[in-house]
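K.L.:
quick check, what structure comes out for this input:
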Amino acid sequence: MALRAPVAEITFMLSHIAGLEATLASGGFGDLDVDSVEAILAEAGRFAEGELDPINIAGDRAGCQMTSGNVTTPPGWKEAYRRWIEAGWNGVSAPAEWGGQGLPVMVQAAAQELWHTGSAAFAAGPMLTASAIEALEAHASADLKERYLPQLVAGTWMATMNLTEPQAGSDLAGIRARAEPADDGSYRLFGQKIFITYGEHDLTENIIHLVLARLPDAPAGTKGISLFLAPKFLVNDDGSLGERNDVVCAGMEHKLGLHGSPTCTMMYGENGAGAIGWLVGEAHQGLAAMFTMMNIARLTVGIQGIGIAARAYDQALAYAHERRQGRAPGASRDTTSLIVEHPDVQRDLLAMKSLTAASRAIAYNCAHAIDMSRHGPTEARDAWADRASLLTPVAKAFSTDVGIEVTSLGIQVHGGAGYIEETGAAQHMRDARIFALYEGTNGIQAIDLVTRKLRLSGGSAVRRMIEDLGLIASEAAAINRADFGQMGTRLLNALQHLTTATEFLELALAEDRRAIALAGATPYLRLFGLATGGTLLAKGALHAAASNEDDSWISLARFFAETMVEETGALALTVTEGADALSAAARQHLHHAGNRG
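P.N.:
From the prediction side, this is the model:
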């Protein structure tokens, strides 16, 4: 089924829920206005519909091919990528100094959602390049910027992120890749990196690898990690490409999904001389530089989850309007009803749509906070940076969990046909599964939220966030309209659950009861996402009520508040009272691998 990109929903979200007008009024984006943003997103939607969606299923079936270390992408991908860079999409938020358009991060996020809706496997490559541009712009030397950024921004070169090693996945302290200084100021890299997205491919003439490695004098642990830039082909002083660097693709993973996106094992220094690289930022400070790339990438991975959820909903809704089965309540006896008329299918579809919208609201508000931390009033930038940091793990984890949940519901709506690859519904779920794993698993995001982000500014960042949400929920509760139902009251209850759980975790950490806090981390993140996403949807409902515009936002926000948000009560109990049950069960069932009883 042909994609219908959700441009209208996205533009409403940006303007009336995520604060686009405030971003544009910050003074950092020239004469850019809402109409221009809407035109940009309309074009991004057309590219997703016309260029990416047609190659998505074929790319999944054909996959990538590897021969003698060279990787070939699926048929049609090189042509689509050529049109991608010709349209200027690679530099949407990149600085104008390096050839980019310098648009807000929230516009970039919205465009990326549309591209991931079209083909998540295709969009994963440019996504990492955009993140690498951020890291290099913030930390690289002037020479490295001048040599590499123009080509990366133009899209003629792509970039990768090289963190993971066989013995060092989420725990980067175990990294063994090493870097040896050379007399000319460069370094020679040796080691193996695994799970490298677009580590090798045929879309661009050069691939720029950002690699974590240790210098000879590096202290142990994460404080001894440095970041290096190592190109596939060395770059001459005149900008032309020189000889091949000592970095090769030694293998390509066979994965559950994202078949069109090559995931590679990269070897540095296999020929003995070492891969030539250059230090990015300060020695032994590579993790800080890499986190500049990872934090924006984590938001974008959340966007991946939203994009694929939106695609699954679009397809499931279309199918539900075509497939006839059984007799819906109220239908005449001789009628075979469309499945969209059955209440259970309606519930599935509305759960898909509202969960996607709630995730979108969180992610776009996170992007808005990033923009305001860079371009807003100077005195407010630190508070906005705290808001962005607080929302980043939620935007990543909640949205990618939703991507899995929604794509699974999409298969359910299709029934048995959804389990068959021909319909394409199964591909969405296969593709979505990785998003909860890479750029830091969702469990790690929950740990980060609880142990680090709740402590921002002494805990005031999360309190301000809950207070701001409370104002929205109170306003919704005060609306005297039948179509608002119990929306405001349910959201106020959810925010109270969030407050209770937050205070419990803060106290547990203050009393050094870390195990108890960590036991509740994942349910807490889910609670945070539901309460925040639901309240932000209510913000859209309030705008719709005040402007007499599209009242579909009111019904969607009410559905979410009255059917999805009620889970927050149970989640709060799990956070505050579930640690003992977890510990007791773990002792009995998990600590003895030989006991299979």
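K.L.:
quick check: end-to-end length of stretch 557-568?
P.N.:
The first residue of stretch 557-568 is 16 Å away from its last residue (C-alpha to C-alpha, to the nearest Å).
K.L.:
what residues sit buried inside it?
P.N.:
Neighbour counts over stretch 557-568 (16 or more other C-beta atoms under 10 Å) mark 557-562, 564-565, 567-568 as buried. For the C-beta atoms, the positions are set from N, CA and C on the backbone; glycine is no exception.
K.L.:
contacts for it, please.
P.N.:
The contact list for stretch 557-568, computed with C-beta atoms under 8 Å, 6 or more residues apart in numbering, reads 347, 350-351, 354-355, 357-358, 476, 483-488, 490-491, 493-494, 497-498, 526-527, 530-531, 533-534, 537-538, 540-541.
K.L.:
now with 6 Å, please.
P.N.:
Contacts of stretch 557-568 with the rest of the structure, by C-beta atoms under 6 Å, 6 or more residues apart in numbering, involve 350, 354, 485-487, 490-491, 494, 497, 527, 530-531, 534, 537-538, 541.
K.L.:
quickly run through the sheet partners of the top strand by length along the chain, with directions.
P.N.:
If you go by DSSP state E, the chain has its longest strand at strand 187-197. As defined by DSSP bridges, the strand partners of strand 187-197 come to strand 178-181 (antiparallel), strand 263-268 (antiparallel), strand 275-280 (antiparallel).
K.L.:
what's the closest of those strands to Leu234?
P.N.:
strand 275-280 (6.3 Å; C-beta to C-beta).
K.L.:
poorly predicted segments of the stretch 451-597 of the chain, please.
P.N.:
593-597 (pLDDT under 70).
K.L.:
can you map out the helices along it?
P.N.:
Under the criterion DSSP state H, counting those that start in this stretch, the stretch 451-597 of the chain carries helices at the ranges 460-478, 487-510, 514-519, 521-547, 552-559, 567-577, 579-589.
K.L.:
correct me, but Ala179 touches Ala213?
P.N.:
Yes - counting by C-beta atoms under 6 Å, Ala179 does reach Ala213; the two are 4.2 Å apart.
K.L.:
common neighbours of these two, please.
P.N.:
By C-beta under 6 Å, 6+ apart, the residues touching both Ala179 and Ala213 are 189, 228.
K.L.:
need the pLDDT of Ala173.
P.N.:
In the predicted model, Ala173 carries a pLDDT score of 83.
K.L.:
and the gap between it and Glu506?
P.N.:
Distance, Ala173 to Glu506, using C-beta to C-beta, to the nearest Å: 27 Å.
K.L.:
so between the two, which is more surrounded?
P.N.:
Taking Ala173 and Glu506 together and counting by other C-beta atoms under 10 Å, Glu506 has the greater number of neighbours (17 against 12).
K.L.:
show me the strands in the stretch 101-250 of the chain, by range?
P.N.:
Using DSSP state E, counting those that start in this stretch, the strands of the stretch 101-250 of the chain run over 157-162, 178-181, 187-197, 206-214, 225-231, 233-235, 241-244, 247-252.
K.L.:
so what's Trp98 up against?
P.N.:
Counting by C-beta under 6 Å, 6+ apart, Trp98 touches 149-150, 153.
K.L.:
what would these look like in TSV with pLDDT and distance to Leu279?
P.N.:
Written out in TSV, the entries for the contacts of Trp98 read as follows (pLDDT from 0 to 100; distance: C-beta to C-beta, whole Å):
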residue	pLDDT	distance to Leu279
Leu149	97	16
Pro150	97	21
Val153	97	22
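K.L.:
cool, thanks, signing off.
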